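**Student:** Everything below, folded, please.
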Amino acid sequence: MGTVSQLHERVRPPAHRIQSEEEALDIARSLAAGFSQQASDRDINRVLPYDEIETLSQSGLLGISVPSDHGGIDISNSVLTEVVAILAEADPSIAQIPQTHFHVLEAVRIGGSEEQKASLFERAIIGDRFGGVFAQISAGTAGQDALQVTSDGLGYRLNGRGLDSPSVLFSDWIAIFTAGEGDGAFVAVIPRNTEGVQIIDDWDGFGQRTSGNGTTILHNVYLNTDEVLFKDEKLGHPSIVDCVGQLTHAGINLGIARSALAAAIDFIRAHPHPSPEGDDKYAADDPLIIARIGEIAVLIEAATAMVERAGSKIDAAQINLTEDHVIDAALSVAAAQAMTAEVAMETANALFDLAGTSAACIGLNLDRHWRNARIRTLHGPARRKYNIVGNYHLNGIKPSRR
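**Tutor:** Numbering: from 1, shown residues only. Prediction:
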């Protein structure tokens, strides 16, 4: 922990070219079957999944959100999120890599010039991975660790620490999301090996232990203007960049919930202990346990439907980028994120309620479902989503574009 990360440089052959949404889902399911096999061991020992991430790059899944005019498949946001959810059910740490990656690609789609889109989308198509550094974009964030952007001739200089750098250890490219010299957004994409970029492997959270999170330190990094996607003057335009990132975040919540439910069912079936009622019935025959499993399954199905609905609203906003469409998408995404977060936590808790004390053995590592769900919900608290939705309906306050 706390070491400087050095991603092994390797010649990567071009990735598979996925041709349809159905193929993307099939490939995601195939990868998930393999990723799930050692997921618990990787979590216990914090073994970073470098080989698995290379397999993900080669699969072609990292290019599915690229627009069709740049070689992608115009995938719907519902299917995109379902791909993330499938991977998250196998290993939510691995699923965080495409979640961040797709967020960055949406920023490229919204803010990039035609030259930037052609270049960066092609890198995604061939399997390159995009990580992110997310700094606060608001007043009052100044300090020695805050990311600072200053003009330097025709370009810019970046200095500071990016404490929130999800999946950055596995990145080939790093997107910097921070405040500009005014009170607006500033987004740039740079190669990982850019001079002055230092990545520290210091993630010590109790969940998402192998997701490649870390700290990014920028030492007087110079940016050419062609590395900047957008800056302050574009802030006034409606944007759904964060909607894509937050919906795929909900997809990870959904995957965690599905995985925890599957673990509960497997444990109950494999440990046919007598019912506490003492009537010689086994746990799987207990009406209360059966009903609780059904209740959780219904909640997961409802959360899945909310994710699909939010995805369709993002689709509509991408086609017709009006403020009304963006607000509609943002509210629906907030609802889906709140719902999936609560379902993930409830399912992880129910796992132990239903399986009993023997499920708490350290060697089983079933607590990883709770740890992963809990740390995901810390990064997107449901109470904030309820506040966004409530403030809009009660006070007419629109969701922030930032």
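
**Student:** which residues of this structure score low on pLDDT?
**Tutor:** 1-10, 136-145, 163, 180-184, 231-238, 272-281, 401-402 (pLDDT under 70).

**Student:** Which stretches in it count as helices?
**Tutor:** Using DSSP state H, the helices of the chain run over 21-35, 39-45, 50-59, 77-90, 92-111, 114-125, 241-270, 287-319, 323-355, 367-379, 382-395.

**Student:** Ala33 versus the spatially most central residue of the chain, what's the distance?
**Tutor:** Most central in the chain under CA atoms, centre = their mean is Gln99, positioned 3.2 Å from the mean C-alpha point. Distance, Gln99 to Ala33, by CB to CB, to the nearest Å: 20 Å. Backbone N, C-alpha and C define where each C-beta goes, glycine included.

**Student:** Equivalent analysis for Tyr392, please.
**Tutor:** 41 Å.

**Student:** Which of the two has more residues huddled nearby?
**Tutor:** Tyr392 (16 against 11; other CB atoms under 10 Å).

**Student:** From Lys398, how far out is the more buried one?
**Tutor:** When Tyr392 is compared with Lys398 (using CB to CB), they lie 6 Å apart.

**Student:** Find residues that contact each of these two.
**Tutor:** Both Tyr392 and Lys398 are in contact with Ile327, where contact means CB atoms under 8 Å, 6 or more residues apart in numbering.

**Student:** what's the distance between Leu69 and Arg109?
**Tutor:** No Leu there; residue 69 is Asp. On the measure of CB to CB, Asp69 and Arg109 end up 11 Å apart.

**Student:** what about these two, which has more around it?
**Tutor:** When neighbours are counted by other CB under 10 Å, Asp69 and Arg109 differ, and Arg109 comes out ahead with 21 against 10.

**Student:** Which residues are in contact with that one?
**Tutor:** The neighbours of Arg109, taking CB under 8 Å, 6+ apart as the test, are Pro67, Lys117.

**Student:** Now do the domain split for the chain, please.
**Tutor:** For the chain, automatic domain parsing gives the domain ranges 14-129, 132-232, 241-395.

**Student:** starting at the chain centroid, how far to the first one?
**Tutor:** Which is domain 14-129. Centroid separation for domain 14-129 versus its chain: 11 Å, with CA atoms, centre = their mean, to the nearest Å.

**Student:** do the shortest one as well
**Tutor:** When C-alpha coordinates are averaged (CA atoms, centre = their mean), domain 132-232 and its chain have centres 18 Å apart.

**Student:** isn't Thr340 right up against Gly255?
**Tutor:** No. Applying CB atoms under 8 Å as the test, Thr340 and Gly255 come out as separate, 9.2 Å apart.

**Student:** so Ile327 makes contact with Lys398?
**Tutor:** Yes. Counting by CB under 8 Å, Ile327 touches Lys398, with 5.7 Å between them.

**Student:** Between the two, which has more neighbouring residues?
**Tutor:** A side-by-side neighbour count of Ile327 and Lys398, using other CB under 10 Å, places Ile327 first with 17 against 14.

**Student:** Leu87 versus the residue nearest to the centre of the chain, what's the distance?
**Tutor:** On the measure of CB to CB, Gln99 and Leu87 end up 9 Å apart.

**Student:** and what of Phe35?
**Tutor:** 7 Å.

**Student:** Quick check on the two: which one has the bigger neighbour count.
**Tutor:** More neighbours surround Leu87 than the other of Phe35 and Leu87, with 29 against 25 (other CB under 10 Å).

**Student:** quick one: that one and Ala32 touch, right?
**Tutor:** Yes. Here Leu87 reaches Ala32: they are 5.7 Å apart, a contact under CB under 8 Å.

**Student:** Spit out the contact partners of Ala15.
**Tutor:** Neighbouring residues of Ala15 by CB under 8 Å, 6+ apart: Ser57, Gln58, Ser59, Gly60, Leu62, Gly63, Ile125, Ile126, Gly127.

**Student:** Could you do Val104 as well?
**Tutor:** Counting by CB under 8 Å, 6+ apart, Val104 makes contact with Phe130, Gly131, Gly132, Trp173, Ala175, Val189.

**Student:** swap the cut-off to 6 Å and go again
**Tutor:** Phe130, Gly132, Ala175 (CB atoms under 6 Å, 6 or more residues apart in numbering).

**Student:** any idea how far it is from Asn213?
**Tutor:** 15 Å.

**Student:** For the closest residue to Ala88 other than its chain neighbours, grab the count of nearby residues.
**Tutor:** For Ala88, ignoring the flanking residues on the chain, the nearest one in space by CB to CB, 6 or more residues apart in numbering is Gly255 at 2.5 Å. Gly255 has 26 neighbours, counted by other CB under 10 Å.

**Student:** now the one 4 residues further on
**Tutor:** The burial metric for Ser259, expressed as a neighbour count using other CB under 10 Å, is 27.

**Student:** That one touches Ala88, doesn't it?
**Tutor:** No. Assessed by CB atoms under 6 Å, Ser259 is found out of contact with Ala88, at 7.4 Å.

**Student:** sorry, back to before: please render the helices of the chain as TSV that adds distance to Ser165 to the earlier fields.
**Tutor:** Output for these, formatted as TSV (distance: least, CB to CB, whole Å):
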stretch	distance to Ser165
helix 21-35	22
helix 39-45	20
helix 50-59	16
helix 77-90	19
helix 92-111	9
helix 114-125	19
helix 241-270	14
helix 287-319	25
helix 323-355	21
helix 367-379	13
helix 382-395	21
